[in-house]
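**Q** structure for the following, please:
(one chain, ligands or ions: 1)
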Amino acid sequence: MEKLPKKLQSKLSERLKDGSMRSLKTSGGLIDFSSNDYLGFSRKKAILDATTAKLKESNLQENGATGSRLLTGNHSLYKQLEDFLAGYHNSESALVFNSGYDANIGFFSSVPQRGDTILYDELVHASIRDGIKMSNAKSYKFKHNNIDDLRVHIERSRNRNDSEIYVVTESVFSMDGNSPDLEALVDFCAKKDCYLIVDEAHATGIYGNGKDLVSQLGLEENVFARIITFGKALGNHGAAVLGSNDLKAYLVNFARSLIYTTALAPHTVASVLSAYRYLESHGKEEGSRLKENIMYFKEQVQLLNMEGRFIESDSAIHCLVLPGNEKVKQVSKYFQTEGFDVKPILSPTVKMGQERLRFCLHSYNTKEEISRVLSITRNLIK
Ligand SMILES: Cc1ncc(COP(=O)(O)O)c(C=O)c1O
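**A** This is a model prediction of the structure:
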């Protein structure tokens, strides 16, 4: 094999030196405090069986989609799923992308135009940042969940006579687990005449009776677009942009991550539809188990006097900041020896000094597992 160019070798050496080298590992066999499978849907045989039945009933036997959605890949299940999603999430329309990453780069690289401004929360996901980097619009970050700082940026942008202003946030932040005050943000963006986009990846299927946080708050009419994803609580794969019919038509014409890629296989789309059907019939039970576990986790954190160490969160994501890549990796390894999968979040994924342990809670975690993982944590951080 040819050797890596020197510049790349030295970037890898840097990673080794600062303890942030990534590698691919298979996970399994440990008690899950790390996956995004919040409701356990990835393991439901009923969803697998319903998918097989759906494919049979639709007479779709192809293993793959055979092309882009704009060429041969737009099989009949796409329309079923998009019609369903629009109704379920109370949106005029839905457009399915191959992943949340694709949805965000497709949206942000194509919607904001030269002369526009994108204002994004400083903690938004890498897929949003990457989409923004591909855009011709100017972009500025505002302080996390801070409307006062957003106001300052909007005023600057108005003084420059920028055309449209797009404001981007997440309904549940992936690395902190907290949420913005969406009602206040919607109100503020309406007054300032800005377009609000909310990434609902970690809220999809959990809030608003199995819908999303914007739906729970009844704000569907007041946001320009929502990004929902199927790889987390739905236990599946793929994503959709929810918005107006015109926005959908625009994205079909200009979002390159939709146009220039092979579409999802019929099997995947059937599986997403089956996961949503399962959510309709069983989401309430799984959702209440998850809520109970979140409450129990928070109670235990309080009992063990660790409240100040965790980032305030009411979601399924709870993070304990433990500075230093080596330190947080070492603690996570110890969890493995005790049978628990708790992932370390390293810099540069988060800012240096903000490295953390990230506990993801699920409907299927038991109270005993939660108590044990927290008592180990307490001993480790003494
Ligand atoms: C907030 C947020 N948006 C988008 C994505 C990307 O979604 P997907 O995994 O479907 O590509 C993620 C995934 O981690 C995420 O956390």
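
**Q** who does the helix or strand hosting residue 197 touch, helix- and strand-wise?
**A** Per DSSP states H and E: residue 197 is located in strand 195-199. Packing partners of strand 195-199 (3 or more CB pairs under 8 Å, 6 or more residues apart in numbering; DSSP states H and E): helix 100-110, strand 165-170, helix 182-191, strand 225-229. Bear in mind the C-beta positions are built from the backbone N, C-alpha and C, glycine included.

**Q** distance check, the residue in the chain positioned nearest to the ligand against residue 125.
**A** For the chain and the ligand, the shortest gap (CB to the nearest ligand atom) falls at residue 100, measuring 2.2 Å. Remark: distance between residue 100 and residue 125 (CB to CB, to the nearest Å) = 8 Å.

**Q** before we move on, what about residue 257?
**A** Taking CB to CB, one finds residue 257 at 15 Å from residue 125.

**Q** please apply the same query to residue 261.
**A** On the measure of CB to CB, residue 261 and residue 125 end up 20 Å apart.

**Q** comparing these two, which residue is more hemmed in?
**A** residue 125 (22 against 18; other CB atoms under 10 Å).

**Q** tell me the contacts of the more buried one?
**A** Contacts for residue 125 (CB atoms under 8 Å, 6 or more residues apart in numbering) come out as 100, 104, 170, 174, 199, 201.

**Q** farthest-separated two in those?
**A** Farthest-apart pair in the contacts of residue 125 is 104 and 174; separation 12.0 Å (CB to CB).

**Q** these two - which one has more neighbours?
**A** residue 104 (29 against 21).

**Q** isn't the more buried one up against residue 127?
**A** Yes - taking CB atoms under 8 Å as the definition, residue 104 is a contact partner of residue 127 at 3.8 Å.

**Q** who in the stretch 201-350 of the chain is up against the ligand?
**A** 201, 202, 229, 231, 239 (CB under 6 Å from any ligand atom).

**Q** repeat that for 5 Å
**A** By CB under 5 Å from any ligand atom, the part of the stretch 201-350 of the chain that sits against the ligand consists of 201, 229, 231, 239.

**Q** just to revisit the earlier point, tilt between the strand holding residue 197 and helix 100-110?
**A** 160 degrees (axes from the mean of the first three to the mean of the last three CA atoms, to 10 degrees).

**Q** average model confidence for strand 195-199?
**A** Averaging pLDDT along strand 195-199 gives 98.

**Q** same check on stretch 361-370?
**A** Stretch 361-370 comes out at a mean pLDDT of 98.

**Q** got the end-to-end distance for that stretch?
**A** This stretch, stretch 361-370, spans 9 Å end to end (CA to CA, to the nearest Å).

**Q** in what helix or strand does residue 79 lie?
**A** Assigned by DSSP H and E, residue 79 falls in helix 76-88.

**Q** for the strand or helix carrying residue 280, buried residues please.
**A** Counting by DSSP H and E, the element that carries residue 280 is helix 266-303. Using 16 or more other CB atoms under 10 Å as the test for burial, helix 266-303 gives 266-276, 278-279, 282-283, 286-287, 289-290, 293-294, 296-298, 300-301.
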